[in-house]
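Colleague: let me see the structure of the following:
(chains A and B)
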Amino acid sequence: MEKQRVLVVDDDREIVNAIAINLQNEGYEVLKAYDGLQALDIVSAQNIQLIILDVMMPKLDGLSATLKIREEKNIPIIILSAKSEDTDKILGLSMGADDYVTKPFNTMELMARVKSQLRRYLRLGDVNVTNRANLLQSGGLCFDLESHTLTVDGEPVRLTATETKIVELLMRFPGRIFPAEEIYERIWEEPAYRVENTVMVHIRRIREKIEINPKEPKYLKVVWGIGYKIEKI
Amino acid sequence: MDTKLKKSKPLTAWLCFFLAVSIMLGLLITVFAGLGYSGGNWEVLKAPFTDYNNSTAFKQRTADYYGRLFSLVADPSAHDDDTMETTKGFLDNEGENLKYYAVNKNNNFLVQNITPEPSSLSDSGKTPALPAGYSYCWYFDGEKLRVIDHGKPIDIQRLDSGYQRIFHGYIYDLTPKYLSNVQVLLAVRDNLVENPYAHSKYYGDQQFLSIIGWIYTGFLVLGLLLLVFAIINRPSKREFDRKLASWMGRMWLEVKLLLSLLVLMFFGGFAFNYYTGWRVPVDQVLGVAFASCMIIACFWWFYLILIDLIVNGKNFFTHNAINSLLTRYRKYEKGYPWQKLMLKRAYMLVGVEAVLALISVIFVLTGSSGGTLLLAFLIAGAGIYLIYRYLKRYTETVSDLGKLMDHIELIKNGDMSTRLEVTEDADIYPAVQNLNYIQEGMGIAVAEKMKSERMKIDLITNVSHDLKTPLTSIISYVDLLNKEDGLPEHVNDYIKILAQKSEHLKNLIQDLFDLSKASSNNLALDMEKIDLARLVKQALADMEEPITASGLTFRINIPDEPVYITSDGKKLYRVLENLIVNTLKYSLSGSRVFVDLTVSSKEVTATIKNTANYEMTFDEDEILQRFARGDQSRSSEGSGLGLSIAQTFTEVCGGKFSIKIDGDLFKVELRFETVPEN
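Modeller: Okay, the predicted model is just below:
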């Protein structure tokens, strides 16, 4: 199989090199660019499967570059930025980026994200299109109502019976916030009394299985002071 | 030279105005006086401009002589020798200009300086024979008066004869029978001559009137010219008016009133006295001129009062003796300290009131005339006015004190910009000014502090941002090194240390960044209604693993029902996370940690209490200082910003954060206002 090509864009050459080494170790072919305009040139000239893009760059910043690339191509873009505020993340994702990683990043996490993005882009494109009625979907999460199985970016995840019930409940109403009591009563079918810990333990375990970085979950979120939800993506 | 002219211009303009108005007034008064004297006879105004022998003045003069002669002859018994001589002398002063003959056959009284032919007199209806050079005469033949000019009798009853209103005041209430024996002839010389022995009034009048017309006309023209000049230079004139007003303004109201009264009594009375009891206007020229001066002086005095009133306005009334005395007293009392000053003022009032009361009582008891009574009333009035002023002042001071206290409260609450304004002569003005200075100084100090704080925060934000880029490289390459195979064991140890420390540095920078953002109010907040009880439960559940691992016992006392507050849940979780991490790190192993949530009517308090595993040698404020660390040695993990972040985030999220240290007991309290469930 042909090697997948990843474009790494950052004005800091050392960071580009470090990422490149890691990507090459993982078996990808790496292209390098050091500002937004170079990146655009390479994107239009070459066949690329994924872009890792810094935000603050000379000539053309990462967000503008994202907008430009999105006009033509649908390849996954992971934004890499020193800006760690929620608002920055939301802005980046709304510009068309598929993921947002803050600097300084954890190499393993970055590699995991690259992998999951590529998997979704290359393998699941057809699944997305079919969108079967018995599939619940949110981003890379896919829950099969028939087989009661969950896949993350195409990879099956092993869940316990309770965890599966919780995921199914939350995924039936993506974006809706469930208080611990409601989850407990629906899953355990018992009156809820001081169940926060019980529910939280399960939520944490599910997170560890489906999230790349459980501390900064992408799908299964705690809404502090209210409840739990699966993000509607 | 130029400046001198400029300076003198207002004066010049004003003087022109003054002269113009004075002249016009003088002319006007003269005209009215002339009219008044001649009983409203307009002819009198023409006198200076007609031939004297035809003028009203001439007729009036002749009428005067005729009247004197007639009264003398008609009733000689009414005159004593002196008046008779005076009248004769009066007539004789005219010398050649006047020939007269008057007889009363009833008592054979006769005065004469000519002897006309008796036949020409006895024949009534005939013109008496006159000496050569005398062609104008008045002749009373026992029945009626005839005026004959050059042999022609004049109908003196006709309106156009010029004799109307000449005779007023000469009606003699005598029977015609009695008068039938009286004959009076008065002849005036055609060419009037000077009498070398006495002053001839005919001659004098002729000379005077021939020039007075021109003098009047001259004055009129001069007055008009000056008036025009003054009108052209109105602004300069007004400038001098203001100067005059400022001079007048220095005078006390009482003095002005008194002077006005005197001016009215003196000048007005004088002028009025000059008006009465005269018959021949020409004789009154000097008197009229004098009276005019008086009236003009009166006019100018009230003009001064008027401009004073217009220019100085309220000051016209407020600049009075009592006010001046009070001002002087105020100046005097300023030398005393405040307490003494206020007491002294009260004592002074009592003393002055007593003296005034005494004086007015003495006046009432001793004097019985209206004047002394009035004076007593005036003094009593002054006393009442003083009390009024004292009370007014007292009220002002009390109100100012109130303002001062409010202002101190304001400063206490941190308002550094509002200034307290009181009038400059207020009793507490120095205190107010000092307070304003203190406030200003504090304001500057606070602003400086805020500025430097803000600069520090900006610096931290920028620096922590710039730190992240090289740190990213460091972490990435350390990671690459970590994956390298075949390195010696000790190198791997070094790499492990590098990895640990760079991770620590990463956390530190992130904490620093968050803190600086929060304390510079740049934190984006997502405030919503959340259940604090649930949040605490969630946070504890979330951290269950490290809690269990720590071996500490958590005693949790949280109500089962929701406690709603308005806050940012994510930030608040960060606060609780920091606090719990802190607790796990610094608690005595095996001890108990108490997490309580107590709800009062409007407030909910979350408390975390733990027993420290070291001696806390600092106070509550010190621990919250950024970078302060519980153990002071800074050896352990963490940025040392945990508590600072907890505090800042709590406050940003609308809560209150406090720490209490009691021996080894460390207690953190978060307080929030509760909101109703719906």
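
Colleague: any idea which helix or strand carries the closest residue to residue B:648 other than its chain neighbours?
Modeller: Nearest in space to residue B:648, with sequence neighbours left out and distances taken as CB to CB, 6 or more residues apart in numbering or on different chains, is residue B:518 at 4.3 Å. C-beta here means a position set from N, CA and C on the backbone, and glycine is covered the same way. Using DSSP states H and E, residue B:518 falls within helix B:489-519.

Colleague: check which element follows that helix along the chain.
Modeller: Downstream of helix B:489-519, the first helix or strand assigned by DSSP H and E is strand B:528-531.

Colleague: contact partners of the very next helix or strand once past that following strand?
Modeller: Using DSSP H and E, the helix or strand that directly follows strand B:528-531 along the chain is helix B:532-542. For helix B:532-542, contacts defined as CB atoms under 8 Å, 6 or more residues apart in numbering or on different chains pick out A:179-180, A:196-197, A:199-201, A:204, A:222, A:224-227, B:547, B:554, B:556, B:558-565, B:567, B:569, B:572-573, B:576-577, B:580, B:595, B:597, B:604, B:606, B:672.

Colleague: can you give me the neighbour number for residue B:291?
Modeller: For residue B:291, the count of nearby residues is 23 (other CB atoms under 10 Å in any protein chain shown).

Colleague: quick check, it in contact with residue B:29.
Modeller: Yes. Between residue B:291 and residue B:29 there is a contact at 7.0 Å, judged by CB atoms under 8 Å.

Colleague: which parts of the helix or strand where residue B:545 lies are buried?
Modeller: Applying DSSP H and E as the criterion places residue B:545 in helix B:544-550. For helix B:544-550, a neighbour-count test (16 or more other CB atoms under 10 Å in any protein chain shown) marks B:547, B:550 as buried.

Colleague: what's it in contact with?
Modeller: A:197, A:200-201, B:540, B:554, B:580-581, B:584, B:587, B:589.

Colleague: next: stretch B:87-100.
Modeller: By CB under 8 Å, 6+ apart, the list of residues contacting stretch B:87-100 reads B:65, B:68-69, B:72, B:79, B:111-114, B:130-131, B:134, B:184-189, B:192-193, B:195-203.

Colleague: ok, now with 7 Å
Modeller: For stretch B:87-100, the surrounding residues in contact (CB atoms under 7 Å, 6 or more residues apart in numbering or on different chains) are B:65, B:68-69, B:72, B:111-114, B:131, B:134, B:185-189, B:192-193, B:195, B:197-203.

Colleague: same deal with stretch A:17-32?
Modeller: Contacts of stretch A:17-32 (CB under 7 Å, 6+ apart): A:3-8, A:16, A:42, A:46, A:48, A:52, A:107, A:111, B:473, B:476-477, B:480.

Colleague: how about stretch B:106-120?
Modeller: Contacts of stretch B:106-120 (CB under 7 Å, 6+ apart): B:72-73, B:76, B:88, B:92, B:99-103, B:126, B:128-129, B:131, B:178, B:181, B:185.

Colleague: mind giving me the ChimeraX select for these, buried ones only?
Modeller: In ChimeraX, this line selects whichever of the contacts of stretch B:106-120 come out buried by 16+ other CB under 10 Å:
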select /B:72,73,76,88,99,100,101,102,103,128,185
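
Colleague: cross the contacts of stretch B:106-120 against strands and list the overlap.
Modeller: Counting by DSSP state E, the part of these found in strands is B:99-103, B:185.

Colleague: for the residues you listed, work out which two are farthest apart.
Modeller: Farthest apart among these by CB to CB are B:99 and B:103. That separation is 14.2 Å.

Colleague: near residue B:8, how many other residues are there?
Modeller: Other residues close to residue B:8 by other CB under 10 Å number 12.

Colleague: return the distance of it relative to residue B:75.
Modeller: Shown here: residue B:8 relative to residue B:75, a distance of 65 Å by CB to CB, to the nearest Å.

Colleague: what residue of chain A is the furthest out?
Modeller: Among the C-alpha atoms of chain A, the one farthest from their average position, using CA atoms, centre = their mean, is that of residue A:191, at 35.4 Å.

Colleague: got the phi and psi for that one?
Modeller: phi -60, psi 140 (degrees, to the nearest 10).

Colleague: emit the PyMOL select command for whichever of the contacts of helix B:544-550 are buried.
Modeller: To isolate the buried ones among those in PyMOL, judged by 16+ other CB under 10 Å, type:
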select buried, (chain A and resi 200) or (chain B and resi 540+554+580+581+584+587)
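
Colleague: run the contact check for whichever strand or helix holds residue B:611 versus chain A.
Modeller: Per DSSP H and E: residue B:611 is located in strand B:603-611. No. No part of strand B:603-611 sits near chain A under the criterion CB under 7 Å from any CB of the partner chain; the closest distance found is 11.8 Å.

Colleague: what is the helix or strand following that strand packed up against?
Modeller: Using DSSP H and E, the helix or strand that follows strand B:603-611 in sequence is helix B:620-624. With contacts defined as 3 or more CB pairs under 7 Å, 6 or more residues apart in numbering or on different chains; DSSP states H and E, the packing partners of helix B:620-624 are helix B:642-652, strand B:656-662.

Colleague: any idea which of the ones you listed is most buried?
Modeller: Ranked by average neighbour count under the criterion mean count of other CB atoms under 10 Å in any protein chain shown, the helices and strands packed on helix B:620-624 are headed by helix B:642-652 at a mean of 22.

Colleague: can I get the CA coordinates of the helix holding residue B:545 in PDB?
Modeller: Only the C-alpha atoms of helix B:544-550 are listed here, as PDB (Å, rounded to 0.1, in the frame of the first residue of the first chain):
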ATOM      1  CA  GLU B 544     -11.900   9.200  43.500                       C
ATOM      2  CA  GLU B 545      -8.800   7.400  42.500                       C
ATOM      3  CA  PRO B 546      -6.200   9.700  43.900                       C
ATOM      4  CA  ILE B 547      -8.400  10.200  46.900                       C
ATOM      5  CA  THR B 548      -8.500   6.500  47.600                       C
ATOM      6  CA  ALA B 549      -4.800   6.200  46.900                       C
ATOM      7  CA  SER B 550      -3.900   8.900  49.400                       C
END
